[in-house]
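>>> sequence? don't have it. structure:
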């Protein structure tokens, strides 16, 4: 029987309530130097303590660490919509290169209301997303912060990650129902902000690495692309990867395929604005039925793990390749077991996989459900079952691994 249910248990419970309150007082006490006190937490009710833990089971150091983590996570969650507001309202772009600026000046530049802008700036400064000078009461977006929040086509732009995570809140009820039924939620069933967010997030990585690092890591592929090659980009979404390859290799014919018609429409519009003169084409097709053969290169970026039947998709890719063709598979960087992925990148990808990738796979035939953190061993197994005899990790980044597969 728990300690507080035995004779004298009420006194022990009272002492535990007092210890719990003191713990939170210490955790939320003002920091040296007069920092603003944080909200005070009340101790739990007796019923909560009885249901959750006995006094002897609580390690105060671990509880302190957990509370600190939860506060940081809640603050990050609350900051996410503010990042999207800054992006949509042009606040970051107006601050980029402007030097120190007041809330009134930023509001004037962006046609927004000063009181809202002042509060937004305060939150951004608290998050470390902008710098604040207390003496002048001015805010600055540093060059590094501008790369992350204002440079839409740069290699470090990160707003798309917040947009992607924002979309999962809108789809929470669909995923909750999927948990109860075991059914999937297709990519096309998500809120449209997901499609834009994913394209904006992954585009920065492709901009930084695709042409400069990933393609040169494949045996002889860049030489073929310069001379003129046929390329199929599977699961192209809004076409960021397809367009980057078409811009870098004007002699090649790049075709992007995706089953999602709305994404193909958007990709075509982006390609037209980019002035590619037909070098990048986009067609609606799945990974298991995209047309053509004799491709010198097939690419799949961050999408193989989303497929319900990745083995069937891989088999079709092998059949579509030229005898000396190559398949480049870009996947999230992950170890081959959970313990190897318990890190910040793994945390991000597991969360996205729970809400997006795994439901998407389970909505399709076979429904293998690899998940975003499948790891190289499971990916190699898929490729080998499809008949690929040569598979190697060509290169990697902190977020991605790049596999090269040959028939």
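Sure, I can see it. Just so you know, these numbers come straight off a predicted model, no measurement behind them.
>>> CA atoms for contacts and neighbours, from now on please.
Noted.
>>> Counting neighbours, what do you get for residue 274?
12 (other CA atoms under 10 Å).
>>> gap between it and residue 72?
Separation of residue 274 from residue 72 (CA to CA, to the nearest Å): 41 Å.
>>> can you check residue 91 too?
Distance of residue 91 to residue 72, computed by CA to CA: 24 Å.
>>> Looking at these two, which one has more neighbours?
Legend: neighbour count by other CA under 10 Å for residue 91 and residue 72, higher for residue 91 (23 against 13).
>>> Next, the contact list for that one, please.
Taking CA atoms under 8 Å, 6 or more residues apart in numbering, we find residue 91 in contact with 106, 110.
>>> Repeat the analysis, applying 7 Å as the threshold.
Listed by CA atoms under 7 Å, 6 or more residues apart in numbering, the contact set of residue 91 reads residue 110.
>>> same question, residue 124
Contact analysis of residue 124 by CA under 7 Å, 6+ apart lists residue 130.
>>> Start and end of stretch 82-102, how far apart?
Terminal residues of stretch 82-102 lie 18 Å apart, using CA to CA.
>>> What residues sit buried inside that stretch?
Neighbour-count burial for stretch 82-102, counted by 16 or more other CA atoms under 10 Å, picks out 82-84, 86-87, 90-96, 100-102.
>>> swap in stretch 185-192?
Neighbour counts over stretch 185-192 (16+ other CA under 10 Å) mark 185, 186, 187, 190, 191 as buried.
>>> now those as CSV including distance to residue 394?
CSV is the format used below for the buried residues of stretch 185-192 (distance: CA to CA, whole Å):
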residue, distance to residue 394
185, 33
186, 31
187, 29
190, 33
191, 35
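>>> Take those and write them to CSV, including secondary structure and distance to residue 111.
As requested, these are exported to CSV (DSSP: H, G, I helix; E, B strand; the rest coil; distance: CA to CA, whole Å):
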residue, secondary structure, distance to residue 111
185, coil, 40
186, coil, 39
187, helix, 36
190, coil, 32
191, coil, 29
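>>> Backbone torsions only: list them for residue 102.
Note on residue 102: backbone dihedrals following degrees, to the nearest 10 are phi -90, psi 170.
>>> Leaving out sequence neighbours, find the closest residue to it.
Leaving aside its sequence neighbours, residue 102 sits nearest to residue 138 (CA to CA, 6 or more residues apart in numbering; 4.8 Å).
>>> ok, the one you found - contacts?
Contacts of residue 138 by CA under 7 Å, 6+ apart are 100, 101, 102, 132.
>>> Equivalent analysis for residue 299, please.
232, 233, 234, 327, 328, 329.
>>> tell me which of these is nearest to residue 168?
Nearest to residue 168 out of these is residue 234 (CA to CA; 23.9 Å).
>>> Which helix or strand contains residue 146?
Secondary-structure assignment from DSSP states H and E places residue 146 in helix 143-149.
>>> quick one: contacts of that helix?
Residues outside helix 143-149 that contact it (CA under 7 Å, 6+ apart): 92, 96, 129, 130, 154, 156, 157, 158, 159.
>>> Next: stretch 215-227.
So stretch 215-227 is in contact with 249, 251, 252, 394, 395, 404, going by CA under 7 Å, 6+ apart.
>>> Just the ones of the contacts of helix 143-149 in helices?
The helices, defined by DSSP state H, take in 92, 159 from the contacts of helix 143-149.
>>> Among the contacts of helix 143-149, find the lowest-pLDDT one for me.
Among the contacts of helix 143-149, residue 154 has the lowest pLDDT, at 91.
>>> my guess is that one contacts residue 205, does it?
No - using CA atoms under 7 Å, residue 154 is not in contact with residue 205; the gap is 9.0 Å.
>>> now the one helix or strand residue 72 maps to: how far from the chain's centre is it?
Assessed by DSSP H and E, residue 72 sits inside helix 60-88. Helix 60-88 sits 17 Å away from the centroid of its parent chain (CA atoms, centre = their mean, to the nearest Å).
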